[in-house]
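K.L.:
this is the structure alone, sequence omitted:
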């Protein structure tokens, strides 16, 4: 029987070793499971973050795409407006050229008219000077007694053409001669 206790003891030690080994193995497996669970949670969290980042990036991409569409529309509108302004500017440039041509013609006409005016004024001044001289001479002649009045006698009707003083002087001269 001694063998039995030894065998029992050996079996008991063997069972204790197996139990301790199983407990150690279970403990190691629990640690591995905790690590795997932690890694799984970390990877799920990372995946959720990645999905959120992708969603955010997708939303940001859509926003940027909308902004690009708006900018393209504004660019197109501005391009149309610029083309319209360029056409208006070309029309105005043509109108300015036409006006400048008209202005040149008008200036030429004005220069011709001013030349004519200067010529007319010069001719008028010359004529005026001549006529003034003629009028002055005529006025002098009007103020001088007419030689005809010297031959008229006092009683003759001269219709007021000869001044009486001239007639009286003429009469006195005739009286002196006689």
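P.N.:
Here it is on my side, so go on. Remember, it's a predicted structure, so these values are computed and weren't measured experimentally. Residues are numbered from 1 along each chain as shown.
K.L.:
residue 144 and residue 132, how far apart?
P.N.:
Distance, residue 144 to residue 132, by CB to CB, to the nearest Å: 19 Å. The C-beta positions use only the backbone N, C-alpha and C, and glycine is treated the same way.
K.L.:
repeat that for residue 25.
P.N.:
149 Å.
K.L.:
for the chain, what helix or strand is lowest in average pLDDT?
P.N.:
Every helix and strand of the chain was ranked by mean pLDDT, DSSP states H and E. The lowest is helix 164-177, at a mean of 54.
K.L.:
per-domain residue ranges of this protein.
P.N.:
Following automatic domain parsing, one finds the domains of the chain at 34-144, 145-178.
K.L.:
the first one - what's its average pLDDT?
P.N.:
Taken as a whole, domain 34-144 has an average pLDDT of 92.
K.L.:
same for the biggest helix by length in the chain, what does it pack against?
P.N.:
Taking DSSP state H as the criterion, the chain has its longest helix at helix 3-143. Contacting helix 3-143 under the criterion 3 or more CB pairs under 8 Å, 6 or more residues apart in numbering; DSSP states H and E is no other helix or strand.
K.L.:
run the chain-centre distance for that helix.
P.N.:
Centroid separation for helix 3-143 versus its chain: 21 Å, with CA atoms, centre = their mean, to the nearest Å.
K.L.:
okay, now residue 93: neighbour count?
P.N.:
10 (other CB atoms under 10 Å).
K.L.:
same question for the one 4 residues further on.
P.N.:
Here the number of neighbours of residue 97 (other CB under 10 Å) works out to 10.
K.L.:
could you check how far it is from residue 90?
P.N.:
Residue 97 is 11 Å from residue 90, by CB to CB.
K.L.:
ok, residue 71 next?
P.N.:
28 Å.
K.L.:
same deal with residue 34?
P.N.:
81 Å.
K.L.:
what sits up against stretch 66-80?
P.N.:
By CB atoms under 8 Å, 6 or more residues apart in numbering, no surrounding residue is in contact with stretch 66-80.
K.L.:
look at residue 1 and report its pLDDT.
P.N.:
42.
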